[in-house]
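Asker: pasting a predicted model and its sequence here:
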12 protein chains.
Amino acid sequence: MIIAVLNGPNLNLLGTREPSIYGFETLADIEQSLRQVGDELGVFLEFSQRNGEGELIDCIHALRGRADGVLVNAGAYAHTSLAIRDAFAATAIPFVEVHLSNIFAREPERRHSTLASEALAVLSGFGAFGYELALRGLVRALARD
Amino acid sequence: MIIAVLNGPNLNLLGTREPSIYGFETLADIEQSLRQVGDELGVFLEFSQRNGEGELIDCIHALRGRADGVLVNAGAYAHTSLAIRDAFAATAIPFVEVHLSNIFAREPERRHSTLASEALAVLSGFGAFGYELALRGLVRALARD
Amino acid sequence: MIIAVLNGPNLNLLGTREPSIYGFETLADIEQSLRQVGDELGVFLEFSQRNGEGELIDCIHALRGRADGVLVNAGAYAHTSLAIRDAFAATAIPFVEVHLSNIFAREPERRHSTLASEALAVLSGFGAFGYELALRGLVRALARD
Amino acid sequence: MIIAVLNGPNLNLLGTREPSIYGFETLADIEQSLRQVGDELGVFLEFSQRNGEGELIDCIHALRGRADGVLVNAGAYAHTSLAIRDAFAATAIPFVEVHLSNIFAREPERRHSTLASEALAVLSGFGAFGYELALRGLVRALARD
Amino acid sequence: MIIAVLNGPNLNLLGTREPSIYGFETLADIEQSLRQVGDELGVFLEFSQRNGEGELIDCIHALRGRADGVLVNAGAYAHTSLAIRDAFAATAIPFVEVHLSNIFAREPERRHSTLASEALAVLSGFGAFGYELALRGLVRALARD
Amino acid sequence: MIIAVLNGPNLNLLGTREPSIYGFETLADIEQSLRQVGDELGVFLEFSQRNGEGELIDCIHALRGRADGVLVNAGAYAHTSLAIRDAFAATAIPFVEVHLSNIFAREPERRHSTLASEALAVLSGFGAFGYELALRGLVRALARD
Amino acid sequence: MIIAVLNGPNLNLLGTREPSIYGFETLADIEQSLRQVGDELGVFLEFSQRNGEGELIDCIHALRGRADGVLVNAGAYAHTSLAIRDAFAATAIPFVEVHLSNIFAREPERRHSTLASEALAVLSGFGAFGYELALRGLVRALARD
Amino acid sequence: MIIAVLNGPNLNLLGTREPSIYGFETLADIEQSLRQVGDELGVFLEFSQRNGEGELIDCIHALRGRADGVLVNAGAYAHTSLAIRDAFAATAIPFVEVHLSNIFAREPERRHSTLASEALAVLSGFGAFGYELALRGLVRALARD
Amino acid sequence: MIIAVLNGPNLNLLGTREPSIYGFETLADIEQSLRQVGDELGVFLEFSQRNGEGELIDCIHALRGRADGVLVNAGAYAHTSLAIRDAFAATAIPFVEVHLSNIFAREPERRHSTLASEALAVLSGFGAFGYELALRGLVRALARD
Amino acid sequence: MIIAVLNGPNLNLLGTREPSIYGFETLADIEQSLRQVGDELGVFLEFSQRNGEGELIDCIHALRGRADGVLVNAGAYAHTSLAIRDAFAATAIPFVEVHLSNIFAREPERRHSTLASEALAVLSGFGAFGYELALRGLVRALARD
Amino acid sequence: MIIAVLNGPNLNLLGTREPSIYGFETLADIEQSLRQVGDELGVFLEFSQRNGEGELIDCIHALRGRADGVLVNAGAYAHTSLAIRDAFAATAIPFVEVHLSNIFAREPERRHSTLASEALAVLSGFGAFGYELALRGLVRALARD
Amino acid sequence: MIIAVLNGPNLNLLGTREPSIYGFETLADIEQSLRQVGDELGVFLEFSQRNGEGELIDCIHALRGRADGVLVNAGAYAHTSLAIRDAFAATAIPFVEVHLSNIFAREPERRHSTLASEALAVLSGFGAFGYELALRGLVRALARD
């Protein structure tokens, strides 16, 4: 089983980016932790991070026929991008949406996710550990089907 | 460490209640699974389910000074109750909000949670397994503090 | 055939409660009239009245597997309660919503019913006689299925 | 006592028009059933159906001084016509509004009735049988005055 | 194959009506051009124009069982009439909506079409030539089914 | 100079229609008073009243090339009809909008006029005398051009 | 009979202020014309113009017990001032609201008058001549009472 | 004279509940202070606190025919409960609404009170001392009638 | 301790201004009563009333460094003036907002106060006696700090 | 004459992407059909597809001074991108907007096009055949100028 | 060239008014700095500050025919006053709007300027130095014409 | 001191792009003028222009630890992009937002900036000269800290 972990704009700066909100762990730290969970669960993980909406769509397209599921933190695009939601619908790959901070406790424009209506599940506010929970949840859901 | 698991209106009917949306597992099944995870994590779990808003508030008050955290599925009250959010604020017990279905992919009136702005984290759409993920996330968050 | 007649908050005060709006008949008067219609139609009627949202949910749950249909006047909860609507959806008991006054000719906050989208039918403005009409309509609809 | 039964746009197609929503009974069937109820109640019924808003207003004007009450299913005009509501107010004939389907469970633009604030009562979702219930309710209300 | 071409209010004045917006071609010119396209495509065309909402509904009803499709420019009723949309739904005749001007570049109240959600397709801004395009598109769509 | 006086739905009932709002003068009374003013101003007046939106549009079309201006009380259509506004724009006849009652002091749905943005001037609340004022204002405005 | 003519902010600049919108007549011209009409109608006129909201309120207060009616063009305050509306309500002097331009055909923020719901009548778009019409209408209305 | 003092959800935790917002005084402290004022004013006070909406309604019903007025702090239900407002309307007991914090300076969802339109008066932001002011105001108002 | 009592537009007419809403007491009556309470509490009172927004701002500025608190009834400006709120913020003088009528039970445009988010407390509906309550509350709050 | 055919995000997946909505034809199929029409009309066609908003803007810029018109299906960006609309305005190349599905019959967020107010014409719901119609319409419009 | 610098309500308190938002410089400091820039640019400056809306309008009127441009900080009136915008339109003097704080980063009610749609340019957030920038920008713009 | 000047979509077309709105100066002209100001102020300037949202984010990231401030004209993205705002927040580089035209006097969708709430200051409507003013303002603000 192959799971893609896709990160959106500004997440390359994790660890130094507003750490009081997003924590001190870097994307590399998260990758390392997730790989351990992936090994435990017997799934292979592929990581990518893009700042561009079109490039994220390219990534999702490239996963068609290869990935069994996607773990996505689309950053600010989660609140605005219909095109990324369409990319998931077009490729029909099941995905879980994860956010580091609890977006429902932040500014009004962050309390809504455009992606969520196509997502399998949404998870928000567990910090870096949320990726691990999301991975476990996604793998369980894929196994159930 | 004591964690309370609090379920709101109509969740006593789980298993038979619109199973295409909420799944076939009963609240007893969820309790059993959670107890195993609780044992693994070394936390003690207390379960309650109430259909009344005031009774849920009573439950939360009763946890003050006893529970270290709460796992709450407030059902429909999650979308309407300011008083339950106040109860959490008043007792200052950290809590994680969990939903069986992905509320963000349902009717408009379910896409917003009144509790979420006080919650530590929110998790929605993983079915019964979401309780386990939420428990792991809550315990991790409490341990971090 | 068993039909439950469920009345919500403040309806216990019928007859004395703002009679220019709600009329002079008491809940007991309505019960008496309805029993006659029930006898005529060959259906058995069960009456309850609760002021609490959670208690109304408890009542609905208790009807599962016993009542064939519900006649409900949820009072003010008709305008605000998602949890009662969920209770009907969870038990899958067909129901008709009745209001004494014409709620569509009153204050803006009373012109919308949260329950109505799950109801079989809605009837508003016929005063106490509306219960009888609703009962006839409900029994006819159940017989049709 | 004379009661007019007034039907609005597209109701002439009843029976063949989207029967899963509006049922298989034709307007003639409804007329026949209603006449029986009219006989039982000792009221004389007059039927008309018009597709035009202005023609419905003409009908209502023509009833002034002749009809004691009106049973109206204004079809789509119920959601948009202020002029028909004005016609009822101008002639001061009491009326009951009836809808075959439960308009409160349909598309958002059908969940509001422009007529309802002038109506004596509203009844929605009982199918063709709703006309009979509405007639009984209207006659009872007129008798009460 | 019979296609009806239905024009709504004020379109009888085409050619002299605000020609900077609607062009200099009259309805007769459009009819002549369309007949040529109809001949080319082997479909028979029927034209009508009405200023009244009810009369347009009458026209649509009259097409039931006779026309295979409708080309409709409902003029201002496109923005306000639920009853005409219902007439199309009631007769179940497939239709294409056409507008001379680009309604999406005009006043806010013209940027929304009430009919469009029932239409097969919508076409707006090609002037008189839009009728020809709409006819070709409609015939192709009907042929496909 | 020819001025048309056009009255919309329910205005044929003037004098008996809710006289506390619309006054006791009939349309014939208003016509008589206006004819005197017309004679004084040297303008010829043509009167019509229609209950249908399409018929009002027909009337306006028929005035093209004959009337120099229109005095219109479109009744409830003033609040909803885009098609009548289009008819004025299509014929390019200058018009003044008149209302018997002060529509800005009535229910919210009457506080906005769809016609007003195309009107030369609007006048509301002077009762039957408002027709005379409107006629004087219209004639003065036409003379000015 | 004493009628006060009250003008609000920026109306002192009439004649030079955006004449394509407000015309070339000055406030003095309007005063002169109005005096002639006043003489004809046998009413005495008092004129004032103020740019300040508070000063307009002072003017209205000063008219209590002295003026029988007010003709007011409150300029931009018509769209925003609740305090001026209160001044009219507090003094209970009947007033007619007049606007030079047709405010209902201008920017959205000018299409609503805060004063209008307390006014006897509203008149908008007749230019300077509108003051004369308003005066005639006001005197007629006062005479009627 | 008997005045009931009714407290809603979470107010049992006063003194320990977010003291920076709600102060350090407990409900018992407030009761003690109020009793002194009651003695001074010669009115008898009855206290109750409930966390449930239905239970608060029960309390209000029980006061019918016994209490002359109610001092109510409905907590979060003040912002959401139509049923409690109905209970006051149904029993027709005059009441004053009191809030410890200034609700108009808090989160948007707390800036509106559903009860206020039925209240005699509203008082918000004086902390525990507000109960005393409200009692004095209520007694004065009752004496005035 | 010096407390300023500031009254806004139209309050100079108190006693004669819509007495069914605002009562029969004049501003002088209120001043007299308040002075007695001031003497009792040992605070010196300064009264002013202005109809202009700018003049009220001037008054507030003049209180800087002299008044310890302000009791303000800003009349209609309470619903619209950001500049008066800024004046309070700029001078940093604590203030209590008072309204004679219960503004939350009046027209929609009066149910919101622009000042309230900066106020210490708000009190509405106690009539003239509300000034006394507000004064007691303000003095208590100032004493507490 | 050179016409550019520009396709936006996810349209590279046509044929396999949600075929029940978008059909089974691929972008290559559409290109082939369009080339035939282009040959018939004597226009040269240039095709491009991009998933990125910025890349689509680059494409449009590159067409300046070379293409006579653009046929654009901007996919989801049609609903959100102001920058693409600006690119068309900046280059002043006339364009027609095409959509495969009838966007006005889909989810609310797809019923509005940000581009449409700058477009020459809009065409939605004819499936792949819509490109051909749009091309014919665009060429006709360009020929007319 | 004469440039007027006009300051609105509460700006006379600059330097002591919420200095964390508005800075420590007084209006006199700003005047002194601006005079130096005025000398450098060869323009003569006139300063005024008013707390009243009407007085600001008087100031603007007085500048007609004398000032070539206006630098205006209308304080809170920038967010509410249509009358001041009208004063600028009426006198046709070009103006630049300046704000000390970045109003777009403050409370929602401050994020919109009613004046801005008539302004030449807007500048917000540069503190006292913003006046100098605005002066340079205004002079440059006037020189360009 | 290093200041980056960042331009967004379509700004590469400056000089030829709708010159009546954006002026005749090219980006190269602006760069040349700005370099002179930079030399005068002793700051080094770096210029970039990108049409893609992701590429602009990449640019901002690349400035971290190198630029002291950013002058940004994000073009249409200013109205829609949360991700660019996040990039500024993530890198914590102070920035000033500049617009050539006065966006507050344009179409509604351009009157709001998503970036502005994170910006140091905003400046809009001074044309190309606005860049110079913004640079001076930014350097002054950075020097102040």
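Answerer: The structure has been received and is ready for your questions.
Asker: going by C-alpha atoms from here, please, whenever you check contacts or count neighbours.
Answerer: Noted.
Asker: and stretch A:101-111, anywhere near chain L?
Answerer: No: against chain L, stretch A:101-111 shows no contacts by Cα under 8 Å from any Cα of the partner chain, the least distance being 8.6 Å.
Asker: averaged pLDDT, that stretch. What do you get?
Answerer: For stretch A:101-111, mean pLDDT rounds to 94.
Asker: can that stretch be said to contact chain K?
Answerer: No: if you take Cα under 8 Å from any Cα as the test, stretch A:101-111 misses chain K, and the best it gets is 11.8 Å.
Asker: need the residues that contact that stretch.
Answerer: A:21-22, A:76, A:79, A:112, A:124-127, B:116-122 (Cα atoms under 8 Å, 6 or more residues apart in numbering or on different chains).
Asker: now swap in stretch A:64-76 and tell me
Answerer: A:1-11, A:91, A:93-99, A:110, A:131, A:134-135, A:138, A:142, L:82-83, L:86.
Asker: let's see that with 6 Å instead.
Answerer: Here stretch A:64-76 makes contact (Cα atoms under 6 Å, 6 or more residues apart in numbering or on different chains) with A:2-9, A:91, A:93-99, L:82-83.
Asker: among those, which lie within helices?
Answerer: A:91, L:82-83 (DSSP state H).
Asker: could you point out which element follows the lowest-mean-pLDDT helix or strand in chain A?
Answerer: Lowest on mean pLDDT, DSSP states H and E among the helices and strands of chain A sits helix A:19-22, with a mean of 87. Heading C-terminal from helix A:19-22, the first helix or strand you meet, by DSSP states H and E, is helix A:27-41.
Asker: is the most centrally placed residue in chain A in a helix, a strand, or coil?
Answerer: With distances taken as Cα atoms, centre = their mean, the residue of chain A nearest its centroid is A:V72 (1.7 Å). With DSSP: H, G, I helix; E, B strand; the rest coil as the basis, A:V72 sits in strand.
Asker: beta-bridge partners for it, please?
Answerer: A:L6, A:E97 (DSSP bridges).
Asker: distance check, it against chain J.
Answerer: 18 Å (Cα to the nearest Cα, to the nearest Å).
Asker: equivalent analysis for A:R110, please.
Answerer: 17 Å.
Asker: centroid-wise, who is the farthest residue in chain A?
Answerer: Quick read of chain A (Cα atoms, centre = their mean): farthest out is A:P108, 21.1 Å.
Asker: all strands of chain A, in order?
Answerer: A:2-7, A:44-49, A:69-73, A:95-99, A:121-124 (DSSP state E).
Asker: burial count for A:G127?
Answerer: A:G127 has 22 neighbouring residues, counting by other Cα atoms under 10 Å in any protein chain shown.
Asker: what's near enough to touch it?
Answerer: A:100-101.
Asker: now it, what are its backbone angles?
Answerer: phi 70, psi -150 (degrees, to the nearest 10).
Asker: let's see the pLDDT reported for it.
Answerer: pLDDT at A:G127 comes out at 95.
Asker: neighbours of the residue lying closest to A:T91 once chain neighbours are set aside, how many?
Answerer: By the measure of Cα to Cα, 6 or more residues apart in numbering or on different chains, the closest residue to A:T91 outside its immediate chain neighbours is A:R64, 5.7 Å from it. Counted by other Cα under 10 Å, the residues lying close to A:R64 total 15.
Asker: swap in A:F126?
Answerer: 27.
Asker: give me the distance between it and chain B.
Answerer: In terms of Cα to the nearest Cα, A:F126 sits 6 Å off from chain B.
Asker: right, is the least confident helix or strand of chain A up against chain L?
Answerer: No: counting by Cα under 6 Å from any Cα of the partner chain, chain L has no neighbours in helix A:19-22; the shortest distance is 9.2 Å.
Asker: report whether that helix contacts chain B.
Answerer: No: applying Cα under 6 Å from any Cα, one finds helix A:19-22 out of contact with chain B, separated by at least 12.5 Å.
Asker: what residues of that helix count as buried?
Answerer: A:Y22 (16 or more other Cα atoms under 10 Å in any protein chain shown).
Asker: one more: stretch A:44-58?
Answerer: A:45, A:49-58.
Asker: okay, how far is it across that stretch, tip to tip?
Answerer: 20 Å (Cα to Cα, to the nearest Å).
Asker: ok, now stretch A:70-77?
Answerer: 16 Å.
Asker: let me see the mean pLDDT of it.
Answerer: Rounded mean pLDDT across stretch A:70-77 is 98.
Asker: and that stretch, how far from the chain's centre?
Answerer: In terms of Cα atoms, centre = their mean, to the nearest Å, the centre of stretch A:70-77 is found 4 Å from the chain centre.
Asker: ok, now stretch A:85-94?
Answerer: 14 Å.
Asker: what does stretch A:113-133 give?
Answerer: 7 Å.
Asker: do the same with stretch A:41-60
Answerer: On Cα atoms, centre = their mean, the centre of stretch A:41-60 falls 8 Å from that of its chain.
Asker: and for stretch A:122-140?
Answerer: Counting by Cα atoms, centre = their mean, stretch A:122-140 comes out at 9 Å from the chain centroid.
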